[in-house]
Each structure stands twice: as structure tokens, then as C-alpha cells.
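Q: heads up, no residue letters with this:
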């Protein structure tokens, strides 16, 4: 059995609340008793003074005895109340400490779980596995893309050599190191003349709009 179950076993929470309520009710009762004892002590002392004024010394002594007796009862009730209050405070503080311990224990367990999931070793393993998966995906993509020359079993070595020879003749015996900017690939799809025509129409429209703005200003 854990420490918490030993200190606060099942069903003890309600019993603890009942004890605290009873203790506070008892303290209230002691407070009322003290108030009554102090009032009686005060009355006894006043009566002792009256007895002395009347010349009744023995009666004055009796009243003073009562006064001292009530004072003792006040002190005794005060000490009892103080002890009960200390016990209540100890219980409340103990409950608070126990709840704090439970809270910190829960935080510790959560941190342990997070640290396990986010440990450097675990993160390194995840990163390493991710890189392996990326490499495998890229390799699969390369396999799917393939090499047209190999896939189609077409050898273009002779044609490539012939093109290089033609270029060497055109360039005076040297191969260009950097491709010229004005060399653009011819698009395989679409009508290049139509594209050029659209571009010319757009340029013409832009010039007309510009001219209109100048006339309006």
C-alpha cells in the first residue's frame, strides 16, 4: 500500500472533512464558553469591590475566588482551542502537501513520457529513418523514370558523335563552353506562331491604352 493510501485511504476524505467541521464547531463552542467565563469573572470582581465597600470582607474574598476560578477556566479553554486549531492547520497543510506531491508526480510522469518521445537518441533514430525513406523514395522514382536509351534499347552514340562533329565544323573546330542566351529550345507542343501573334496583340493593346491615357491627360 502506497504512502498516500496509508495517510488518506479510500473514504477518508469525507471523514476528514467531517472531523474538520466538528473541530471548528467545537472551537466556536469554546469561544462562547470563554466569553461567558470572562463576563462572569468580571461580574465576580465587581461584586468583590461592592462587598469591600459594604465592609463585607469575607464575601469579597468569596467573589474573588469565583473570579480566579473563572479566569482559570478561560485560560484552560483557550489552551484547548489553540491545540485544536493547530491540529486543524496540520491536517489542512498535510492535505495541501499531499495534493502538491500528487501534482508534481503527475508533472514528472508527463515529463518522463515527453522526454522518452523527444529524447536525442529517439530523434536521431527518426531522422536517420526519414533519410533512409527519402533515399528509397528517390531511388524508386529513378527506377520509374528510367533511362530512355536503355529502356527503349536504342543506341544513339553514332548520332551524338555526328552532331558533335557538325558543331565543331560550325564553331571553327572548338566546342562552346557556355550555351548562348539566344539559343532557345523549340517547344514540342503548341503553335509558336500563334504564341507570337498573341504576344504582338498584347503589345499593341498596351500601346493603345498608353496613348489613351496621354490624350486624357
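A: Structure's in. What do you need? Fair warning: this is a prediction, and the values are worked out from it, not measured in the lab.

Q: residue contacts, residue 41?
A: 66, 67, 70, 71, 74 (Cβ atoms under 8 Å, 6 or more residues apart in numbering). (C-beta placed from N, C-alpha, C; glycine too.)

Q: tell me, how many residues neighbour the first one?
A: Going back to what we said before, that points to residue 66. For residue 66, the count of nearby residues is 17 (other Cβ atoms under 10 Å).

Q: just give the closest residue to it, not the sequence neighbours.
A: residue 44 (4.1 Å; Cβ to Cβ, 6 or more residues apart in numbering).

Q: list the residues that contact that neighbour.
A: Shown in contact with residue 44 (Cβ under 8 Å, 6+ apart): 63, 64, 66, 67, 70.

Q: the same query, at a cut-off of 6 Å, please.
A: 63, 66, 67 (Cβ atoms under 6 Å, 6 or more residues apart in numbering).

Q: got it, and residue 81?
A: Counted by Cβ under 6 Å, 6+ apart, residue 81 has contacts 27, 30.

Q: I'd like the next helix or strand past the helix or strand harbouring it.
A: Using DSSP states H and E, residue 81 sits in helix 57-117. Using DSSP H and E, the helix or strand that follows helix 57-117 in sequence is helix 120-145.

Q: what helices and strands are in contact with that next one?
A: Using 3 or more Cβ pairs under 6 Å, 6 or more residues apart in numbering; DSSP states H and E as the contact test, no helix or strand touches helix 120-145.

Q: give me the buried positions along that helix.
A: By neighbour count with 16 or more other Cβ atoms under 10 Å, helix 120-145 contains no buried residues.

Q: and what of stretch 54-68?
A: For stretch 54-68, using 16+ other Cβ under 10 Å, the buried residues are 60, 63, 64, 66, 67.

Q: take these and write them to CSV, including distance to residue 100 and pLDDT.
A: Compiled in CSV, the buried residues of stretch 54-68 are given as follows (distance: Cβ to Cβ, whole Å; pLDDT from 0 to 100):
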residue, distance to residue 100, pLDDT
60, 59, 92
63, 55, 92
64, 53, 94
66, 51, 92
67, 49, 94
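
Q: so where's the protein uncertain?
A: For the chain, residues meeting the criterion pLDDT under 70 lie at 1-13, 148-153, 171-201, 215, 217.

Q: would you mind splitting it into its domains for me?
A: 3-117, 151-177 (automatic domain parsing).

Q: most tightly packed of the ones you listed?
A: domain 3-117 (a mean of 13; mean count of other Cβ atoms under 10 Å).

Q: chain center to that one, what's the gap?
A: 42 Å (Cα atoms, centre = their mean, to the nearest Å).

Q: backbone dihedrals for residue 56, please?
A: Here is the backbone geometry of residue 56 (degrees, to the nearest 10): phi -100, psi 80.

Q: hmm, back to that, now distance to residue 158 too, for the buried residues of stretch 54-68, in a markdown table please.
A: Shown next, in a markdown table, are these (distance: Cβ to Cβ, whole Å):
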| residue | distance to residue 158 |
| --- | --- |
| 60 | 145 |
| 63 | 140 |
| 64 | 139 |
| 66 | 136 |
| 67 | 134 |
